[in-house]
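1. sequence plus the predicted model coming up.
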Amino acid sequence: MSMSLTLPAPAKINRMLHITGKRPDGYHNLQTLFQFLKYGDDLTFFCRDDNQLTLSPAVEGVEQEQNLIIRAARLLQQVETSAPHARPAERRGADIHLIKRIPMGGGLGGGSSDAATTLLGLNRLWQLALSLDQLAALGVTLGADVPVFVHGFAAWGEGIGEKLTPAPLDTPLFCVVHPGVSVVTADVFRSPELTRYSPVISMEHALRRGRNDCEPIVRQHSPAIAAALDWLSQFGDARLTGTGSCIILGLTDEQEGRNILLRVSEEHTDWQVFLTESSNISPLHATLNEQPGMTG
Ligand SMILES: C[C@](O)(CO)[C@H](O)COP(=O)(O)OP(=O)(O)OC[C@H]1O[C@@H](n2ccc(N)nc2=O)[C@H](O)[C@@H]1O
Ligand SMILES: Nc1ncnc2c1ncn2[C@@H]1O[C@H](COP(=O)(O)OP(=O)(O)OP(=O)(O)O)[C@@H](O)[C@H]1O
């Protein structure tokens with residue numbers, strides 16, 4: 001019997017991001033408000049009866065075995081479970097098809113989201129019956145952003161972003177600008193001038209005001225991102241998401257959004273820009289909950 005499952009891998013945004021310390025292992029402690037966008041990649045998983053994994057089309061610049069989708073699938077191939085209907089390891093194979101929309105190195109968590117969708121998708125197809133906590137624990141070994149995508153609720157994130165508390169965020173329409181350049185997350189965290197010791201605050205405080213501590217460094221290193229931040233700021237409280245390069249602006253009015261799209265198409269043809277709704281429930285979880293999801 002062949003089975004398949006198509007699932008979204010949404011983008012995330014950081015509504016604010018404070019860096020509160022450096023850990024002995026080199027990672028940084030954060031305080032951040034995570035929210036999902038109704039915009040992202042799509043993955044389709046076709047079950048195989050052997051233990052081969054394929055991914056198509058290949059993601060440009062990422063070796064197949066380094067792709068977070070394949071790395072996530074390999075973690076599940078190795079998992080031992082006593083679930084009654086679990087596929088045995090030698091039959092845990094899949095052909096995976098990816099529609100990539102999330103710009104890479106954009107601070108929208110695309111790689112991490114692809115990994116989380118793979119964990120949830122193959123957990124279901126291979127009937128491994130792992131809990132979300134177990135999947136998040138596996139996922140955090142792939143990236144700090146994977147747990148929020150696994151749990152699927154908008155969250156106040158602490159630790160390296162894996163300690164999650166539901167956050168009651170407003171859900172405006174967002175304008176997202178990709179200024180045509182990407183940022184390597186590790187470079188930002190490595191930077192000597194980075195603000196790494198912001199005071200620890202409460203979620204309530206963060207919901208009222210907050211900033212992105214990465215912004216000054218990213219501005220310094222990338223004139224293109226600085227220019228896009230300045231340009232979008234004329235319309236409101238524009239902010240970097242993650243370590244950049246994308247800039248987000250919450251809108252109260254869709255017409256304003258259309259006006260921004262028009263202006264970008266006239267004045268900044270090297271940028272990518274889109275409007276999207278935000279959501280406090282991941283579109284991945286919405287899809288998994290609303291349909292049994294399997295065909296075959
Ligand atoms: C900045 C955020 O986008 C906020 O959502 C994320 O925390 C980044 O998450 P990510 O892309 O999944 O990051 P990872 O792949 O885990 O880490 C990339 C590199 O960034 C640095 N890094 C990342 C997260 C963190 N809390 N502290 C760090 O110092 C580390 O040098 C790490 O080697
Ligand atoms: N499936 C994947 N999709 C995108 N990038 C991937 C994938 N697998 C591995 N990568 C690698 O991960 C890097 C970061 O990609 P990603 O799209 O997650 O960046 P990002 O949005 O800046 O992430 P973050 O906000 O988590 O820092 C890429 O440059 C690429 O080398």
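-> Great, that's in hand. Ligands and ions are numbered 1, 2, ... in the order given.

2. in this protein, which spans are strands?
-> Secondary structure of the chain (DSSP state E): strands located at 4-22, 28-48, 53-56, 93-99, 155-158, 163-166, 173-178, 239-240, 247-251, 272-279.

3. how far away from the center of its chain is the longest one?
-> In other words, strand 28-48. Distance of strand 28-48 from its chain centroid, counting by CA atoms, centre = their mean, to the nearest Å, is 4 Å.

4. out of the strands of the chain, deepest packed?
-> Counting by mean count of other CB atoms under 10 Å, strand 239-240 has the highest mean neighbour count of the strands of the chain, with a mean of 25. C-beta: built from backbone N, CA, C; applies to glycine.

5. now look at that one and say if it contacts ligand 1.
-> No. Interface with ligand 1: strand 239-240 contributes nothing (CB under 6 Å from any ligand atom), its closest point being 10.0 Å away.

6. now do that strand: which elements does it pack against?
-> When contacts are defined as 3 or more CB pairs under 8 Å, 6 or more residues apart in numbering; DSSP states H and E, strand 239-240 packs onto strand 4-22, helix 215-221, helix 223-233, strand 247-251.

7. give me the contacts around the second one.
-> By CB atoms under 8 Å, 6 or more residues apart in numbering, the list of residues contacting helix 215-221 from outside reads 183, 187-188, 191, 193-195, 225-226, 229, 239-240, 243-245.

8. Throw the strands of the chain into CSV and include mean pLDDT, thanks.
-> Shown next, in CSV, are the strands of the chain (pLDDT from 0 to 100):
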stretch, mean pLDDT
strand 4-22, 98
strand 28-48, 98
strand 53-56, 98
strand 93-99, 98
strand 155-158, 98
strand 163-166, 98
strand 173-178, 98
strand 239-240, 98
strand 247-251, 98
strand 272-279, 98
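
9. so which of those strands is nearest residue 199?
-> strand 4-22 (7.4 Å; CB to CB).

10. starting at the chain centroid, how far to that closest one?
-> Counting by CA atoms, centre = their mean, strand 4-22 is centred 3 Å from the centre of its parent chain.

11. tell me the buried residues in stretch 249-268?
-> Neighbour-count burial for stretch 249-268 flags 249, 250, 251, 257, 260, 264, 268 (criterion: 16 or more other CB atoms under 10 Å).
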